[in-house]
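[1] Give me the fold of what follows.
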Amino acid sequence: MRKKRLYWTLQGVGWGIYFFANLIGLALNPQGLTPETIRLSRIELFVHTPLLFAGSHWIMREVIIRRKWLEINISRIIPRILGIIIIAAALVVLLANGIYYLVGTVIEIQVPDLLLSLMTYTIFYILWATVYFLFHFLESNNRSLKYEAAMNEMHLNQLKSQLNPHFIFNALNSMRALVDEEPSKAKVAITQLSNILRNSLITDKKKVVSFGDELNTVKDYLALEGIRFEERLKVKYNIDPGSDGFEIPPMMVQTLVENAIKHGVSNLMEGGLIEISSHVENSVLNLKIRNSGQLLNGRKKPNSRSGVGLVNTKERLKLIYGENASFRIYNENDKFVVTEVKIPHRI
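    This next block holds a predicted model:
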């Protein structure tokens, strides 16, 4: 309904401007026309303006819609559009001059006058067709962008829904052994878990969160893992204060840290180190998670759940930042693996 109302509004405004501009021009009479010529010209204006309106609506628009030209590549239908424009303009010229002849404004129809009118009406219809197709192109493009944004949002929510249960499972698993053996530590762990879950609920519907909030969640998570691994897990932070001004996908760092523990530290008898560092350079957040361990042939174990987490992280970065963000994981040497993420500042 809104689209139809807009169409009729533009039709009325467009042809109304044409009509009143000509009417005002005749009133001002810059060419010094005689009163009789002005009177006849006004009659002709009242005749051919409705015909131009009718030709644009009942001829051009009907053909465009019935033949579905809006769904065809514009370069392929330009000759057809020009053809229907000329046909519509010719019909208006013939009908208008026929009426002029009947009402007596034209005594004898001259070929040069017909050609001039044909050329004039053709130009007006070309302008009409340009506006018509441009409007539909912009509307279609806007609809496509909205659809793409909706699909991206749905995909992001799907990725987050895959991560949340995994995160909660691992956090609970870290607390399980403490309940009977060390109740006091279990209470601390429960508090930390409640902080993590509360933060998770708050950020669940967010596309991005501040780096500082994400880091606090990671610290609680590592505290829980520290209770489980005891002296086998060492944690080190080297955070640039400027990092807090950046926004990142929620649970991204936690997923990468979880991956580092599961496939790095937990597989080593003596345990290992998790080092989280960040620095800001040229409005880009450079985040590194360095952990003890090794990639097998440069890859994670196939079909691993952490592999899903890494794939999700890559997809989320791409959906939110496009090509402006980067992700890679590699062996730094024979003792450490580095996960590196670069995220631009969102303005």
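
[2] how close does Val63 sit to Ser41?
    Per CB to CB, to the nearest Å, Val63 is found 31 Å from Ser41. Just so you know, the C-beta spots here come from the backbone N, C-alpha and C atoms, and that holds for glycine as well.

[3] so where is the stretch 51-200 of the chain shaky, pLDDT-wise?
    107, 143-168, 170-171, 174, 177, 200 (pLDDT under 70).

[4] Any idea how many residues pack against the nearest residue to Ser140 once chain neighbours are set aside?
    Spatially, and ignoring its direct neighbours in sequence, Ser140 is nearest to Leu70 (7.9 Å; CB to CB, 6 or more residues apart in numbering). Using other CB atoms under 10 Å, Leu70 has 15 other residues around it.

[5] Quick check, Leu70 in contact with Phe135.
    No. If you go by CB atoms under 8 Å, Leu70 and Phe135 don't touch, sitting 10.2 Å apart.

[6] so how far is Lys318 from His263?
    Distance, His263 to Lys318, using CB to CB: 23 Å.

[7] Likewise for Met269?
    The gap separating Met269 from Lys318 is 37 Å, by CB to CB.

[8] Specify which residue of the two has the higher count of neighbours.
    Lys318 (15 against 6).

[9] Spit out the contact partners of that one.
    Counting by CB atoms under 8 Å, 6 or more residues apart in numbering, Lys318 makes contact with Ala325.

[10] and it, that's in a strand?
    No. The assignment for Lys318 by DSSP: H, G, I helix; E, B strand; the rest coil gives helix, which leaves it out of any strand.

[11] Would you report the backbone torsion angles of Ile72?
    The phi and psi torsions at Ile72 (degrees, to the nearest 10) take the values phi -100, psi 150.

[12] and it, how many neighbours?
    Residues within reach of Ile72, counting by other CB under 10 Å, total 11.

[13] Asn312 too?
    21.

[14] Which pLDDT value belongs to it?
    pLDDT recorded at Asn312 is 78.

[15] Please tell me how far Gln110 sits from Phe20.
    For Gln110, the distance to Phe20 - CB to CB - is 28 Å.

[16] repeat for Asn333
    Asn333 sits 80 Å away from Phe20 when distances are taken as CB to CB.

[17] what are the ranges of the helices in the stretch 151-300 of the chain?
    For the stretch 151-300 of the chain, applying DSSP state H, counting those that start in this stretch gives helices covering 178-181, 183-203, 211-229, 252-263.

[18] and the ones you listed, which is most packed in?
    Ranked by mean neighbour count, the helices of the stretch 151-300 of the chain are led by helix 252-263 with a mean of 23 (mean count of other CB atoms under 10 Å).

[19] Just the angle for that helix relative to helix 183-203, thanks.
    140 degrees (axes from the mean of the first three to the mean of the last three CA atoms, to 10 degrees).

[20] now helix 252-263: how far from the chain's centre is it?
    How far helix 252-263 lies from its chain's middle: 30 Å, per CA atoms, centre = their mean, to the nearest Å.

[21] Convert it to CSV, retaining C-alpha atoms only.
    Written as CSV, here are the backbone C-alpha positions of helix 252-263 (Å, rounded to 0.1, in the frame of the first residue of the first chain):
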residue,chain,number,x,y,z
MET,A,252,35.4,-15.1,21.2
VAL,A,253,38.4,-14.8,23.5
GLN,A,254,37.0,-17.4,25.9
THR,A,255,36.5,-19.9,23.0
LEU,A,256,40.1,-19.4,21.9
VAL,A,257,41.4,-19.8,25.5
GLU,A,258,39.3,-22.9,26.0
ASN,A,259,40.8,-24.3,22.8
ALA,A,260,44.3,-23.5,24.0
ILE,A,261,43.7,-25.4,27.3
LYS,A,262,42.0,-28.4,25.8
HIS,A,263,44.5,-29.0,23.0
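
[22] quick one: secondary structure of the residue nearest to Ser140?
    helix.

[23] give the contact list for it.
    When contacts are counted by CB under 8 Å, 6+ apart, Leu70 touches Ile64, Phe133, His136, Ser140.

[24] any chance of those in CSV, with neighbour count and secondary structure too?
    Putting the contacts of Leu70 into CSV (neighbours: other CB atoms under 10 Å; DSSP: H, G, I helix; E, B strand; the rest coil) gives the following:
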residue, neighbour count, secondary structure
Ile64, 19, helix
Phe133, 17, helix
His136, 15, helix
Ser140, 12, helix
